[in-house]
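[1] generate coordinates for the sequence data below:
(4 chains)
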There are 2 protein chains.
Amino acid sequence: MIMSGKQRTTIRDVAAAAGVSVTTVSDALSGKGRLPEETRRKVRAAADRLGYRPSAIALGLRDRGLGLVGLCIVPAGEAMLTGVEYWATIVTHASQTLLSEGLAPVLLPHSVDLLSRLKIPLDGVIVVDPLKNDPVLTFFEKTKIRYFTIGRDLGRDNQSWVDDDIAKGMERLLEQTLAPGTDLAFVTIGPEKSYVADTLSGMQHWASVNRSAIKIHHCKNTERRNIDAVVGRAVEEGAKAIVAQHDRLALPLLAALKVRKLQNEVRLLSATDSPEFEQVLPPVSAIRLHPTQLADKAARAVIDMIRGRSDQKKTFLVVETVVR
Amino acid sequence: MIMSGKQRTTIRDVAAAAGVSVTTVSDALSGKGRLPEETRRKVRAAADRLGYRPSAIALGLRDRGLGLVGLCIVPAGEAMLTGVEYWATIVTHASQTLLSEGLAPVLLPHSVDLLSRLKIPLDGVIVVDPLKNDPVLTFFEKTKIRYFTIGRDLGRDNQSWVDDDIAKGMERLLEQTLAPGTDLAFVTIGPEKSYVADTLSGMQHWASVNRSAIKIHHCKNTERRNIDAVVGRAVEEGAKAIVAQHDRLALPLLAALKVRKLQNEVRLLSATDSPEFEQVLPPVSAIRLHPTQLADKAARAVIDMIRGRSDQKKTFLVVETVVR
DNA sequence: TTGAAAGCGCTAACAG
DNA sequence: CTGTTAGCGCTTTCAA
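    Sure thing, here's the model as predicted:
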């Protein structure tokens, strides 16, 4: 399948050139055995001359693993979660942590089809924001590839994950911004992921304590018409506060409220923060997520798995609220 | 080094379970030999039962390659080039193209040190925006890993690359926006990369035809003080137009001009475009880059290299100017 | 039709 | 101190 023209120089070539055995070459180069400096130099010279590099694949075959860790970001449909920034941050930081431990991050598609065509010896995988009963996780189970998720698969038990504690965060955010009894509208978008359920569960908890009602609105996309219709219905139903699933949804919602001159009447909150919330009027309060820490913890967790310390863990990160 | 607890099921296990030889298993599963359907079924059943997966590493050892392609983004210091967006776009699109061809993208650090600690059998690498005499490219040459660059290493010949034709684009942008004889200031930042030289060369060409002068200003960072000082000097020296290396630099420069109420006196241009240029007053004209196409072309080029069609190529993409 | 064995490149155990 | 060999998991001749 792969056609590399020239043969690579093997350890045998070096051995022949240096007039020693392959073992000696191996030892000399890796500094293992106690060879006389003389021999070592001779071997090194030969290796240099021939431009010898040990074959990573051969090493991998012996060691049962090359140190490859998959990074699988589950796309959030059109809505792109909280924007490229969140995604890029996770990839960047997970990669850095992996790299610093000598492991290499491999970008994976979120598609069982593409995945099964890939013949890559993965030592572990980080899956970001899995779906409920995510088929990709099933695939990894079948192929016996250990995985760790950022966010949870709601339909699955016995997984290891790290996640922002959005439910708690949302509850706190509501406490800090709304009067008891305020009726809520929750506007969501995209497939069912854990952060959606968490946002809602936080809202429900607050609502039950404070005797408020909640209506759920599901958006197909962020087109103006659509958004406006949702706001219309929410207002009609008596909502005095709207909670947006994430910032990409919050901005259009706010715009729609402004069109109706309701921006001070109906309070807008967002489950994820954005720098733009600072600029906008009225400013939007939100929860601050921790992509950097999530990525780092996830990376360390897969490293532990690979290294054999595979205690299953579920970790919630405490999130801050940003009240504006 | 890697300690995976349980032994994987090998082709031998399947052979034993099915009561045949390993050859038969191999043939049966790959559909190669002409075995009786009976045998084939028996083998398949055994393989399924045991959850057998051929070892990607063993295959790689035979085939001399696993289909791994490195993605090496050269960080642009503090300035982050044209923002995360550009980077993310290139990574995303290059990855998609590679994955659709059955190759896997590996995220690489731009550090010879980290790189040499990584024992990964790369079949090829894409390097984005290499430095002049980039040591990472030297590393790949030494380790005999074929590379292809987006942007050029100014100190190196005989490379293969694809690049936006920024020089031409800049020349055109100046033609479209400035009167002949307008004196220019070029504000740059970060290490010497090809797009810096290109921007300047485009400016020089236009300036020589139009009898304008050019002064070059090098910024350490984008702190307000610094930016303001540069603008001060540029204005003092009589510049009637300022060209920013990229959009992240343009915005602060514009702010500094506004502070001096010179935004209509001195024209600001940018070598890379940004959606924010639309919102700002006066609107900023710029060149529109093509990260998507660059990524795609680069990916196809390394694929060709890997597959053996290794004609060396240097491709300039025509860029559009966005005059506002 | 099926199987034994060589070979991909390397290291570690074991002899000499 | 140095060399031979087995084995990592697979496919592909080549024999039977």
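
[2] so residue A:206 is in which element?
    Using DSSP states H and E, residue A:206 sits in helix A:194-210.

[3] quick one: that helix to chain centroid distance?
    Counting by Cα atoms, centre = their mean, to the nearest Å, helix A:194-210 is centred 23 Å from the centre of its parent chain.

[4] now for residue A:143: which residues touch it?
    Listed by Cβ atoms under 8 Å, 6 or more residues apart in numbering or on different chains, the contact set of residue A:143 reads residue B:53. All C-beta atoms are positioned from the backbone trio N, CA, C, and that covers glycine.

[5] and what of residue A:318?
    Residues in contact with residue A:318 (Cβ under 8 Å, 6+ apart) are A:165, A:168-169.

[6] so which of the residues you listed is the most crowded?
    Greatest neighbour count in the contacts of residue A:318, by other Cβ atoms under 10 Å in any protein chain shown, goes to residue A:169: 24 neighbours.

[7] got the CA positions of the helix or strand containing it in PDB?
    Here residue A:169 sits within helix A:166-177, counting by DSSP H and E. Taking Å, rounded to 0.1, in the frame of the first residue of the first chain, the C-alpha atoms of helix A:166-177 are listed here in PDB:
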ATOM      1  CA  ILE A 166     -22.600  22.600  34.700                       C
ATOM      2  CA  ALA A 167     -25.600  21.700  36.700                       C
ATOM      3  CA  LYS A 168     -24.200  23.200  39.800                       C
ATOM      4  CA  GLY A 169     -22.900  26.200  37.900                       C
ATOM      5  CA  MET A 170     -26.300  26.800  36.300                       C
ATOM      6  CA  GLU A 171     -28.100  26.600  39.700                       C
ATOM      7  CA  ARG A 172     -25.700  29.100  41.200                       C
ATOM      8  CA  LEU A 173     -26.000  31.400  38.200                       C
ATOM      9  CA  LEU A 174     -29.700  31.500  38.600                       C
ATOM     10  CA  GLU A 175     -29.500  32.100  42.300                       C
ATOM     11  CA  GLN A 176     -27.200  35.000  41.700                       C
ATOM     12  CA  THR A 177     -29.200  36.600  38.900                       C
END
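
[8] pull the CA atoms of the helix holding residue A:206 into PDB?
    Only the C-alpha atoms of helix A:194-210 are listed here, as PDB (Å, rounded to 0.1, in the frame of the first residue of the first chain):
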ATOM      1  CA  SER A 194     -24.400  15.700  28.600                       C
ATOM      2  CA  TYR A 195     -24.000  19.500  28.900                       C
ATOM      3  CA  VAL A 196     -27.600  19.900  27.600                       C
ATOM      4  CA  ALA A 197     -29.000  17.600  30.300                       C
ATOM      5  CA  ASP A 198     -26.800  19.300  32.900                       C
ATOM      6  CA  THR A 199     -27.900  22.800  32.100                       C
ATOM      7  CA  LEU A 200     -31.500  21.600  32.300                       C
ATOM      8  CA  SER A 201     -31.000  19.700  35.500                       C
ATOM      9  CA  GLY A 202     -29.400  22.800  37.100                       C
ATOM     10  CA  MET A 203     -32.400  24.800  36.000                       C
ATOM     11  CA  GLN A 204     -34.800  22.300  37.300                       C
ATOM     12  CA  HIS A 205     -33.200  22.100  40.700                       C
ATOM     13  CA  TRP A 206     -33.300  25.900  41.100                       C
ATOM     14  CA  ALA A 207     -36.900  26.000  39.700                       C
ATOM     15  CA  SER A 208     -38.200  23.400  42.100                       C
ATOM     16  CA  VAL A 209     -36.700  25.200  45.100                       C
ATOM     17  CA  ASN A 210     -38.000  28.500  43.900                       C
END
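
[9] now the strands for chain A?
    A:68-73, A:104-108, A:124-128, A:147-150, A:161-164, A:184-189, A:214-219, A:241-244, A:267-270, A:285-288, A:314-317, A:320-322 (DSSP state E).

[10] I'd like those strands as a markdown table, with mean neighbour count appended.
    As requested, these are arranged in a markdown table below (neighbours: other Cβ atoms under 10 Å in any protein chain shown):
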| stretch | mean neighbour count |
| --- | --- |
| strand A:68-73 | 24 |
| strand A:104-108 | 24 |
| strand A:124-128 | 25 |
| strand A:147-150 | 25 |
| strand A:161-164 | 24 |
| strand A:184-189 | 24 |
| strand A:214-219 | 16 |
| strand A:241-244 | 26 |
| strand A:267-270 | 26 |
| strand A:285-288 | 21 |
| strand A:314-317 | 14 |
| strand A:320-322 | 17 |
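
[11] so which of the contacts of residue A:318 is the closest to residue A:223?
    residue A:169 (28.6 Å; Cβ to Cβ).

[12] returning to what we had before: and the helix holding residue A:169, what other elements does it pack with?
    In terms of contacts (3 or more Cβ pairs under 8 Å, 6 or more residues apart in numbering or on different chains; DSSP states H and E), helix A:166-177 is packed against helix A:194-210, strand A:241-244, strand A:267-270, strand A:285-288, strand A:320-322.

[13] near DNA strand C, which residues of the stretch 201-324 of chain A?
    Applying Cβ under 7 Å from any atom of the strand, we find that the stretch 201-324 of chain A lies next to DNA strand C at no residue.

[14] now do the stretch 1-150 of chain A
    Residues of the stretch 1-150 of chain A lying near DNA strand C (Cβ under 7 Å from any atom of the strand): A:7-8, A:10-12, A:22-23, A:25-26, A:29-30, A:32, A:52-55, A:57-59, A:61-62.

[15] among the residues you listed, which ones lie close to chain B?
    A:8, A:53-55, A:57-59, A:61 (Cβ under 8 Å from any Cβ of the partner chain).
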